[in-house]
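> Need coordinates for the below:
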Amino acid sequence: MLRIFLLTFIFTFGLGMNVETQDRIYVDQYMPLRSELMVADPDGGNPRKLVPGLEIDYNVSFSYDGREVVFTSERSGSANIFRAQVDGTAVEQLTDSPAFDDQAALSPDNRSLAFVSSRGDGSTDIYIMDLDSHRIRNLTNAPGGDFRPSWSPDGQTIAFSSERGTGFPHQGFPGPAGKWEHTQAASIYLINTDGTGLRKIATDRNMTAGSPKWSSDGSKIVFYEMPVRDTFLARVVGGQASNIVSVDLTTGRRIVHASGPGLKVSPQFIAPDRIAYQTKTQRSGTLTFSSGAAGLPQDLANPSWSQDGTQVVYHAGQMETMHHYRNPLGTELLGTVEDPGFELVHASGWPAVSPDGRTIVVSERTGRAFQNDDRMALVMWDTDGTNPRRVYRDDVTVMGLEWSRDGHWLVFGAGGFFSQRTTKPSQIMLIKPDGSDVHAVTKGSANAGFPSWSSDGTQIVYRLWANNEQGEGLRIVDVATGESRVLTTGHDTLPHWSPSGDVIMFTRYASDRRFLYDEFDIYTIRVDGTDLKRLTDAEGNDAHSLWSPDGNYILWSSSRFGFKDESPLVINQAQPYAELFIMNADGSDQRPLTDNHYEEGTPAWLPAEYVKPRSDEGDPHG
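Numbers count the residues shown, from 1 in each chain. Modelled structure (predicted):
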């Protein structure tokens, strides 16, 4: 039988039951451990759990009459829309799609539902569901992400935010070149519910605007705005300044209701002359009012007030638990596509699977990113999620891990990474799996990282950085002599030697005249520096690529579908647009394996013949 991209094995239980075992893919997914819905007094006081259970629920909003709520839940697998009474009873699922459905809003007459979905081409559009027939239609249907729909009081118009026509800007905005992470340049739009009358009401291209809400008489829209260049740090660090602004739809008059320090988001009129909003930091949200009053900081996000302003709903738990170091190795990923063909599970810290399939090694995460012990040790686990043991510790970052093909050695980078790569050195290090014989194979003051072994174990390819934001390209070092030679001189990184040994895959940052901004794509090159090929060419970044063990397929992360939400609302994720993809080794048949609003990257591949049940599943061999 032809082997497509996974191996399938049949284990027979004593009772004669057959179970298929698929290739297991370990992926670092920025998922929360807790996200629960709360209802509270308008300033966040007296909070009560809205619906029971321990599901991942978020983005809740009131109906206009205040009797019901709609929210997103991953309780059925992918993100879908649910409805409940405000007392938490009568929970009802409204959408049932393997795509990403989110940010729902009920129409004033409770007969229609507007929501965001990726069910079209992977990017988000605004859809409308008739709640009687459950018929769904695409309202906006345009390239680029559309977010946060809000119904006018008469039910005839929807306000929303959109990044349409803005491309994939980087931190270097507004220039075409920049850094790895994307910024977001969204604006506020209005559209009639029949799809006509599209118009833009926030037009400053240097500012991003989001989360529009209507005044009770339908004459004004309130939203937040902030510089585009700050939207990356807003989702990772918090604290960047934003303004709360309203616009009169007849006269165009703008009023700034709140300005100055603090990231202010999710505004809403709760009276003709009073606006509520959230002040967001990396670890807390504070419900704040245009009068100057405020509640207490707490773990809350994306609040929505009732129309009379007497209650607020929000989700709690994500700020504390997003990408938490306690997320167990082997936890099932959230938000995968329908029938991905793999067992997709979580492993943080640049995981690498040993050639015999028994061991996975990671750079240890402690939950204290960029502090004195995060990513500074190597930890090995059995691939069933048991038997953790630390084999190496350093006083610098250790990452970019790979086993030699015979399993006798591990290679990794040790030194300064991320923002430190241009100012601090890093070396390529070798270590035996028992933690012995640690030594460097590179030397000098440059920053060497992300190594990968040749198939015969005599050479290692790595990327080099030396006082140059664009990088110095790829190098190949002879393990025996420590001598390096030049392979490329472009802005190249994340190399990976093919199992066949004749080709090296890597990520290159370059311009593309078709697109507004430069981008990262995946390339291959022969070991002698010839036959350069570009494998990905979609708009957006493609990176973190990995060969399948047989060399027939490639896994990687892509931002081509864009953001699933407004960037300043994202909680503690650098790349929430990064979805896991797979393609053939020649670049053909590219398809996603995930569809969610979580960051996925640095995959590791365990063939099915080595898969053992995870520690929480029991032993199929009895």
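
> Quick check: Ile476 touching Gln459?
Yes - using CB atoms under 8 Å, Ile476 makes contact with Gln459 at a distance of 5.4 Å. Glycine gets a C-beta too; all of them are placed from N, C-alpha and C.

> residue contacts, the nearest residue to Asp406 once chain neighbours are set aside?
Excluding the flanking residues, the one nearest Asp406 by CB to CB, 6 or more residues apart in numbering is Gly457, at 6.2 Å. Residues near Gly457 by CB atoms under 8 Å, 6 or more residues apart in numbering: 404-406, 408-409, 479.

> switch the cut-off to 10 Å
With contacts defined as CB atoms under 10 Å, 6 or more residues apart in numbering, the neighbours of Gly457 are 404-406, 408-409, 411, 479.

> Same question for it, what's its three-state structure.
Per DSSP: H, G, I helix; E, B strand; the rest coil, the local secondary structure of Gly457 is coil.

> Kindly report the same for Leu233.
helix.

> how about the nearest residue to it, chain neighbours excluded?
Gln240 (5.6 Å).

> Same check on Met207?
Glu225 is the one closest to Met207 (CB to CB, 6+ apart), at 4.8 Å.

> just checking, Glu609 is part of a strand?
No - assessed with three-state DSSP, Glu609 is helix; it does not lie in a strand.

> just checking, it touches Gln22?
No - Glu609 is beyond contact range of Gln22, at 11.2 Å (criterion: CB atoms under 10 Å).

> Quick check on those two: which one has the bigger neighbour count.
Gln22 (18 against 10; other CB atoms under 10 Å).

> Spit out the residues that contact Ile476 and Gln459 alike.
The contact sets of Ile476 and Gln459 overlap at 452, 484-485, 497, 527 (CB under 10 Å, 6+ apart).

> Pull out the buried residues from those residues.
Using 16 or more other CB atoms under 10 Å as the burial test, the shared contacts of Ile476 and Gln459 include 452, 484, 497, 527 as buried.

> circling back: of the shared contacts of Ile476 and Gln459, which is the nearest to Tyr598?
For the shared contacts of Ile476 and Gln459, the residue nearest Tyr598 by CB to CB is Ser452; the value is 26.2 Å.

> check contacts around the residue nearest to Met207.
So Glu225 contacts 186-188, 202, 204, 207-210, 242-245, 254, 256, 259, 264, 568 (CB under 10 Å, 6+ apart).

> go on, Ser290?
222, 244, 246, 257-258, 267, 269-271, 273-277.

> mind running it again at 7 Å?
257-258, 274-275 (CB atoms under 7 Å, 6 or more residues apart in numbering).

> for Val441, same thing?
Counted by CB under 7 Å, 6+ apart, Val441 has contacts 428, 430, 460, 477, 479, 482.

> Likewise for Val362?
Val362 neighbours (CB under 7 Å, 6+ apart): 347-351, 379.

> Inside helices: which ones of the shared contacts of Ile476 and Gln459?
For those, not one is inside helices, with DSSP state H as the criterion.

> pLDDT and distance to Glu539 added to the residues you listed, as a markdown table?
Output for the shared contacts of Ile476 and Gln459, formatted as a markdown table (pLDDT from 0 to 100; distance: CB to CB, whole Å):
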| residue | pLDDT | distance to Glu539 |
| --- | --- | --- |
| Ser452 | 98 | 27 |
| Ser484 | 95 | 34 |
| Arg485 | 95 | 34 |
| Trp497 | 98 | 28 |
| Val527 | 97 | 30 |
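
> nearest to Lys424, of these?
Comparing these against Lys424 with CB to CB picks out Ser484 as the nearest, at 19.3 Å.

> mind putting the shared contacts of Ile476 and Gln459 in a markdown table, distance to Ala466 included?
Shown next, in a markdown table, are the shared contacts of Ile476 and Gln459 (distance: CB to CB, whole Å):
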| residue | distance to Ala466 |
| --- | --- |
| Ser452 | 20 |
| Ser484 | 12 |
| Arg485 | 16 |
| Trp497 | 22 |
| Val527 | 23 |
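
> Pick the one among these closest to Thr124.
After measuring those against Thr124 - CB to CB - the closest member comes out as Ser452, at 35.0 Å.

> tell me, how many neighbours does Arg389 end up with?
12.

> For the residue nearest to it when sequence neighbours are not counted, give me the pLDDT.
Closest residue in space to Arg389, ignoring its immediate chain neighbours: Met380 at 5.6 Å, by CB to CB, 6+ apart. For Met380, the pLDDT comes out at 96.

> got a list of what Met380 touches?
359, 361, 389, 391.

> And Tyr553, by the same measure?
5, 582-585.

> what about the strands in the stretch 51-200 of the chain?
When assigned using DSSP state E, counting those that start in this stretch, the strands of the stretch 51-200 of the chain occupy the ranges 57-62, 68-73, 80-85, 92-93, 101-106, 112-117, 125-130, 136-138, 146-151, 157-162, 187-192, 199-200.

> other SSEs contacting the third one?
If I follow you right, that is strand 80-85. strand 68-73, strand 92-93, strand 101-106 (3 or more CB pairs under 7 Å, 6 or more residues apart in numbering; DSSP states H and E).

> ok and the last one relative to strand 125-130, angle-wise?
Using axes from the mean of the first three to the mean of the last three CA atoms, to 10 degrees, the interaxial angle of strand 101-106 with respect to strand 125-130 works out to 50 degrees.

> tell me what strand 101-106 is packed against?
Using 3+ CB pairs under 7 Å, 6+ apart, strand 101-106 is in contact with strand 57-62, strand 68-73, strand 80-85, strand 112-117, strand 146-151.

> I'd like a version of the ones you listed in CSV, one that adds distance to Gly444 and mean neighbour count as further columns.
CSV is the format used below for the helices and strands packed on strand 101-106 (distance: least, CB to CB, whole Å; neighbours: other CB atoms under 10 Å):
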stretch, distance to Gly444, mean neighbour count
strand 57-62, 48, 24
strand 68-73, 50, 24
strand 80-85, 53, 21
strand 112-117, 49, 24
strand 146-151, 47, 25
